[in-house]
Structure formats: structure tokens, C-alpha cells
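Undergrad: Prediction below, plus the sequence it came from.
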Amino acid sequence: MTGVPASHYHRLKQRAEKDAVLARERQVTPRIVYETRPSPATLFAPPISFAYDRHSGPVHEVQFSPFHRNLFLSVASDSTARLYSLLQPRPVHVVEPSSSSLFGVAWSTARPLVFAVAAADGSLSLYDLKRSRGRPDVVLQVTSNRSPVYGVAFNPKNGNLLATADAQGFVKVWRLSTQLSTMGANELAQLEKLATARAAGGAEEAAEEDEADAAGYGEGDDDFE
């Protein structure tokens, strides 16, 4: 009851006390409260109300980072994958791997700065934020007819394995290179720095890092088998 909003507290309290009297109970127990059938949203109201900047289309998937409790990724039909911190309303980082809708996203279970995005044009984009903030490290055409890739998942026990599920009816398992599946030095610290970065500076930081990475950037054809 202590978590019930003030606008509902007194009404719910009166109902529970009345039911306790009618049932000849000496005290209001949790059973009495539940038997008044309050709305779950009333009884278990969130401790804070925090709205995040919206995508401009339906959100298809959200994934929390397995390495940081405050970071999550979302993908939507607006062609963007957004990295949010629970503590900021604006995304700390935004990428656009495809001009089509995005259906799936997954964090690497082995690398804190690696995630994959599945798109409606049949592509799979894999980002390594340690190497580049703005460009995918690998872009793989999963389907032969450019039909959608609906799902992507990393193996929770073997971080160098990645599975995709597509509209052609196939589940395909891919093997990643050691570079994409072995945690680098200070990678967790870099993830923490990204999580605490100001959202407003994300685009500028990404642009600066892309310029620094441009000379060493490659298509990453050897990153998958």
C-alpha cells in the first residue's frame, strides 16, 4: 500500500478496511487488499515516470545490455537503432544501418561493445563500438531475395556464435571471428563511459571517432564464417 499513488490510496484503503470489517478480520491483510481487485498499475505503480525520446515508427525489439544494467538498445520501423541509458530521456547513441525497417537487435554475450541489427532488406549489421561508433563493422546479406531478417541472437554460452531467423524460413548459425568475440582491454570501462556520456554530445563524439577510424576501417569480410 505504501507504493500506491496518493490519488488512489485513500479509496483503496477505505475499500480494504470495509472488506476487512465485513469479513470480521482483526487486521487488513494482503489477501484482503488483493480481494478488492485493484488495478495492477495502481497497486504496483512505477517508482518514477520517465519518458524516453520516441522513435518515429513502431518499436520492434528492445534489448538490455548483459554488461551494463542501465543501457538498452531499441530498433524500429524508422530505420534507426538507438542506444539509451535508463537515466537519460535522449539516446546516447543512434545508428542507421539500413534504409528499411529494423526488426531485431541483440547484444553480444562476449563483447560489451558489440551488437547486431536485423533489417527488413535481408541484411544483418554488426557494430563494434570499439572500432567505430557510426559504421557497422560487418554488413551481411542473410537472405538471397532480400526478404526480411526477423530475429538475431548471440549464443549465451559461446559468444562467437550468432543465429538469425529470416522470412525464407531459415535459421542460420554464423561463427564470428576472434576479434568480434574476445573482450578487449578496458572495454567495460569504455562501455561505462558511453553510458554516462551526455546525450547531446553523442553525435559529435561519433563523428570525431569515425574520422579517427576511417584510415583503418574495412568491410570486415573475415569477421564471419
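TA: Thanks, I have it.
Undergrad: Which residue of the chain lies farthest from its centroid?
TA: residue 24 (49.4 Å; C-alpha atoms, centre = their mean).
Undergrad: From residue 130, how far out is that residue?
TA: 66 Å (C-beta to C-beta, to the nearest Å). The C-beta positions use only the backbone N, C-alpha and C, and glycine is treated the same way.
Undergrad: Same question for residue 122.
TA: On the measure of C-beta to C-beta, residue 122 and residue 130 end up 27 Å apart.
Undergrad: can you check residue 197 too?
TA: 15 Å.
Undergrad: Can you pick out the residue with more neighbours from the two?
TA: A count of neighbours by other C-beta atoms under 10 Å puts residue 130 above the other of residue 197 and residue 130, at 21 against 15.
Undergrad: quick one: contacts for the residue nearest to the more buried one when sequence neighbours are not counted?
TA: Nearest residue to residue 130 in three dimensions, chain neighbours excluded: residue 113, at 4.6 Å (C-beta to C-beta, 6 or more residues apart in numbering). Residue 113 is in contact with 128, 129, 130, 187, 190, 191, 194, counting by C-beta atoms under 8 Å, 6 or more residues apart in numbering.
Undergrad: Now do the helix ranked longest in the chain: everything it contacts.
TA: Ranked by number of residues, the top helix in the chain under DSSP state H is helix 6-22. With C-beta under 8 Å, 6+ apart as the test, helix 6-22 has contacts from 1, 4, 27, 28, 29, 32, 33, 35, 36, 38, 42, 43.
Undergrad: ok, 7 Å please
TA: With contacts defined as C-beta atoms under 7 Å, 6 or more residues apart in numbering, helix 6-22 is touched by 1, 4, 28, 32, 33, 35, 36, 38, 42.
Undergrad: of those residues, buried ones?
TA: 4, 28, 32, 33, 36, 38 (16 or more other C-beta atoms under 10 Å).
Undergrad: Put the alpha carbons of the helix or strand encompassing the third one into PDB.
TA: Using DSSP states H and E, residue 32 sits within helix 30-35. As requested, the backbone C-alpha atoms of helix 30-35 are provided in PDB (Å, rounded to 0.1, in the frame of the first residue of the first chain):
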ATOM      1  CA  PRO A  30      -2.500  -8.700   1.800                       C
ATOM      2  CA  ARG A  31      -5.300 -11.100   0.900                       C
ATOM      3  CA  ILE A  32      -8.000  -8.500   1.800                       C
ATOM      4  CA  VAL A  33      -6.200  -5.900  -0.300                       C
ATOM      5  CA  TYR A  34      -6.000  -8.300  -3.300                       C
ATOM      6  CA  GLU A  35      -9.600  -9.300  -3.000                       C
END
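Undergrad: So for it, mean pLDDT?
TA: Per-residue pLDDT values over helix 30-35 give a mean of 87.
Undergrad: Just the helices from this structure, written as ranges.
TA: Under DSSP H, the chain gives helices at 6-22, 30-35, 40-43, 178-181, 187-195, 202-213.
Undergrad: Quick check: which of those is nearest to residue 143?
TA: Nearest of the helices of the chain to residue 143, taken as C-beta to C-beta: helix 178-181 at 21.4 Å.
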